[in-house]
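quick one, structure for this:
(2 chains)
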There are 2 protein chains.
Amino acid sequence: MKDVVTACPVEDVMRVLRGRWRSLLLYYLVNGPKRFSDLQRDLPGISQRMLTLDLRELEAEGLVARTVYPEAPPRVEYALTDDGERILGLLNALGDHWADMRARRKAMAA
Amino acid sequence: MKDVVTACPVEDVMRVLRGRWRSLLLYYLVNGPKRFSDLQRDLPGISQRMLTLDLRELEAEGLVARTVYPEAPPRVEYALTDDGERILGLLNALGDHWADMRARRKAMAA
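Here you go, the predicted model:
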């Protein structure tokens, strides 16, 4: 039987954004470049290893850019790419509708 | 330390849509109501148990409506709610941008 689960872009973007932290990482980069330690402070529940892996995947997928400044010691910053900003915008639209929906359902249940 | 991971609507909607099948289930309901067996045919890789659980969660979250027709035997159909359609529309916008991005990155790498 033909496997109808094709490489559907919705499935693919959901795969990349899966897990607890990735969409939040995009959110916390919305106001400009940050260092690894800044993101650890923003997301106190994330482990160093998970933050490293998630940032690496978001970078590999073109949503986050990593810049190394040749200082002593080298300074490393992470920032949203244009595509990262665009995807975050679409995620926020999804979140906004979800919040509206929730409020409506809560009001109807009250 | 304050846990900054609040009940953020983006995180919440991503939680509901997590996993391999849920966004696909919304996608396969886009053309109107379907029966359980129709969805099993659409998604040959999904187990009966997983389809049952995912449909139940999507229903509980207000994205899918389940209608039982009092026939013998009873006929049960699943359909997108208005909110389900809206969320699917936003997911498709996310998927479209993702597909464009992918095509651009592929062209640049060629």
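
near chain B, which residues of chain A?
Residues of chain A that fall close to chain B, judged by C-beta under 8 Å from any C-beta of the partner chain: A:1-5, A:8-14, A:17-18, A:20, A:23-24, A:27, A:42-45, A:62, A:83, A:86-87, A:90-99, A:101-102, A:105. To be clear about C-beta, it is placed using only N, CA and C from the backbone, and glycine gets the same treatment.

hmm, which of the residues you listed are the buried ones?
Buried subset of the residues of chain A next to chain B (neighbour count, 16 or more other C-beta atoms under 10 Å in any protein chain shown): A:8-14, A:17-18, A:20, A:23-24, A:27, A:42-43, A:62, A:83, A:86-87, A:90-92, A:94-95, A:97-99, A:101-102.

just those residues: which are in helices?
Helix and strand membership here follows DSSP state H; of these, those in helices are A:9-14, A:23-24, A:27, A:42, A:83, A:86-87, A:90-92, A:94-95, A:97-99, A:101-102.

stretch A:34-47: which residues count as buried?
Across stretch A:34-47, burial judged by 16+ other C-beta under 10 Å covers A:34, A:39, A:42, A:43, A:46.

can you redo these as TSV with pLDDT?
Converted to TSV, these look like this (pLDDT from 0 to 100):
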residue	pLDDT
A:34	97
A:39	97
A:42	94
A:43	93
A:46	94
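
need the pLDDT of the closest residue to residue A:13 other than its chain neighbours.
The shortest distance from residue A:13 to any residue that is not its chain neighbour, by C-beta to C-beta, 6 or more residues apart in numbering or on different chains, is 4.1 Å, and that residue is residue B:98. Looking at residue B:98, its pLDDT reads 94.

these two touch, right, residue B:98 and residue A:90?
No. Under the criterion of C-beta atoms under 8 Å, residue B:98 is not in contact with residue A:90, lying 9.0 Å apart.

count of residues packed around residue A:71?
7 (other C-beta atoms under 10 Å in any protein chain shown).

so it sits in a strand?
No. The assignment for residue A:71 (DSSP: H, G, I helix; E, B strand; the rest coil) gives coil, which keeps it out of a strand.
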